[in-house]
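**Student:** Just need the structure, nothing else, for what follows:
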Amino acid sequence: MKLKAYYHKGNKHIKKIIGRIIPYNTRYRPSDVCRVKLGEPDTHFPKELKAHGIYPGLKTTLNITEELYEACSFYWKPLREVKTDYMVVEAPNGRIYTDNESSVAVVTQYNRLIENVSLSLVSGKVTEPNLNNIFEQRMFSIPEKFEGTVFSLLTGGAGLNNIGHWFIDVLPRLHLLRKSGLYDKVDWFLVPSIRYDYQVETLELLGIPADKIIEGDKHPHITADCIIASTAPRGNHTLVPEWLCNFVQSSFMPYADAEEEIITPEAPSLYISRADSKLRIVRNEDELMEALTPYNFQKIISSKLTIKEKIKLFSKAKVVVGATGAGLISLFFCKPGTKVIEIFNEGFVVEPFYDIATKLDLDYDYVICPNKRKVYNSDQGQRANITVEVDKIVEIVQNMKTKVQAKMKVA
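**Tutor:** Residues are numbered from 1 along each chain as shown. Next up is the predicted model:
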């Protein structure tokens, strides 16, 4: 990490500590929680909020083998099924406060935090609304006023700087907004950040005008004539609902056949490298690539590609190999039947990408590689480098090739 990044991270941490010690503008700390009950409009004061049910009581399931489920890291064990009341809420003269890290608070004009559409994370897990970090905050800046209606796409955690969370936790809120019928009412879109090219490009492809964007990392405390906010796309859990997969594919797959040149030539077999990351590095990547060369694999560093390039490459791919991480978010652009081989360190086996793969009807497979040291928590797991068992990857690829050749002979 560069010195400048250390400085900003340290400065942010110090401000957070000070903000919990020194009182300043404490009137902006919410007084309590505003409970939202779909189907019971009489329980809501119209001047405080209006709730629109989108997918009430929606069940989302995790469809994987028992073997893989048992292999999931103990500190991040997913549920087999979750139930979520998806909604979009309007708050006249409301405001939004975020620390751009672990808390997003949507607050009514009567100074009550709105449950369901607010979010607070502790160690990466969603907490109850009354435990939102904003209730520990004592120092507040005066909120900036925006004329008109603001829709929030803010999310806690890595939505600020991680392309995987951007596609899963940020952009799908636009689908919920459209389902609510309020899209045309929106004057401003509040997003976590537009520091990265993929953020700018995806918003442009989705038809969000640049002059209607508010950057959450630059405007952490705002108020407006009306605030609109939605339930998090994955609710309070981590499973990916089918509507989310459908939204991403319907929004971006039309660009797969666009008549545009791409820098990276198309290849039927892709290896997604983590050479651009400082976490979960594949130690023996050169050995792996040498073994995959006879099968015409092309090495891809995902962060160097535009969104349109990713769409074109992955939509044409027949097989994708890569270690678990944000680079695999482009599986959304694969067509049904594409072979996917996800590589795990045994200390970090998490479900987002095999969850997505099964819901997109991809031909999913995986290899779990041993780790020299025991992993005790998610922080250690995310940092653990990987030594790939190359022979297992080659075996899967060879078996796939053999099956394809057998089918061709029969045909």
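**Student:** use CA for all of it now, contacts and neighbours both
**Tutor:** Will do.
**Student:** Which residue is the nearest non-sequential neighbour of the spatially most central residue of the chain?
**Tutor:** When Cα atoms, centre = their mean is applied to the chain, the residue found nearest the centroid is residue 165 (1.8 Å). Using Cα to Cα, 6 or more residues apart in numbering and skipping the chain neighbours, the partner closest in space to residue 165 is residue 159 (4.8 Å).
**Student:** Likewise for residue 342?
**Tutor:** Once flanking residues are discounted, residue 342 sits nearest to residue 366: 4.6 Å by Cα to Cα, 6+ apart.
**Student:** For that neighbour, give me phi and psi.
**Tutor:** The phi and psi values for residue 366, taken as degrees, to the nearest 10, are phi -160, psi 160.
**Student:** count of residues packed around it?
**Tutor:** If you count neighbours by other Cα atoms under 10 Å, residue 366 ends up with 19.
**Student:** my guess is it meets residue 339, correct?
**Tutor:** No - contact criterion Cα atoms under 8 Å: residue 366 and residue 339 do not qualify, at 10.4 Å.
**Student:** Output the contacting helices and strands for the helix or strand hosting residue 406.
**Tutor:** Residue 406 belongs to helix 390-410 when elements are defined using DSSP states H and E. Helix 390-410 sits against helix 285-292, with contacts defined as 3 or more Cα pairs under 8 Å, 6 or more residues apart in numbering; DSSP states H and E.
**Student:** Buried ones in the helix it packs on, by neighbour count?
**Tutor:** Judged by neighbour count (16 or more other Cα atoms under 10 Å), helix 285-292 contains these buried residues: 285, 288, 289, 292.
**Student:** And the next helix or strand past it?
**Tutor:** Helix 285-292 is succeeded, C-terminally, by strand 297-300 (DSSP H and E).
**Student:** what about that following strand, average pLDDT?
**Tutor:** The average pLDDT for strand 297-300 rounds to 94.
**Student:** Past it, which element shows up next along the chain?
**Tutor:** As the chain continues past strand 297-300, the following element, by DSSP H and E, is helix 307-316.
**Student:** From what I see, the residue nearest to the centre of the chain and residue 153 are in contact.
**Tutor:** No - between residue 165 and residue 153 there is no contact under Cα under 8 Å: 11.8 Å.
**Student:** Residue 51 contacts residue 34, doesn't it?
**Tutor:** No - with contacts counted by Cα under 8 Å, residue 51 stays clear of residue 34, the gap being 11.7 Å.
**Student:** follow-up on the earlier one: list the residues that contact both of residue 366 and residue 339?
**Tutor:** Taking Cα atoms under 8 Å, 6 or more residues apart in numbering as the contact criterion, no residue touches both residue 366 and residue 339.
**Student:** if I pick the residue nearest to residue 342, what's in contact with it?
**Tutor:** Neighbour list for residue 366: 340, 341, 342, 343, 344 [criterion: Cα under 8 Å, 6+ apart].
**Student:** Select from those every entry located in strands.
**Tutor:** 340, 341, 342, 343, 344 (DSSP state E).
**Student:** For those, work out which two are farthest apart.
**Tutor:** The most widely separated members of those, counting by Cα to Cα, are 340 and 344 (12.8 Å).
**Student:** From the contact counts, what lies against the strand or helix carrying residue 121?
**Tutor:** Residue 121 is part of strand 119-122 when elements are defined by DSSP H and E. If contacts are counted by 3+ Cα pairs under 8 Å, 6+ apart, strand 119-122 sits against strand 103-107.
**Student:** Please list the outside residues in contact with the strand it packs on.
**Tutor:** By Cα under 8 Å, 6+ apart, strand 103-107 touches 30, 91, 94-98, 113-114, 117-121, 132-134, 154-156, 229.
**Student:** Over to stretch 114-128?
**Tutor:** In this structure, residues lying in contact with stretch 114-128 by Cα under 8 Å, 6+ apart are 33-36, 88-89, 102-108, 129, 131-133, 155-157, 229-232, 236-237.
**Student:** And the buried ones among those residues, selectable in PyMOL?
**Tutor:** Buried members of the contacts of stretch 114-128, defined by 16+ other Cα under 10 Å, are picked up in PyMOL with:
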select buried, resi 33+34+36+88+89+102+103+104+105+106+107+108+129+132+133+155+156+157+229+230+231+232+236+237
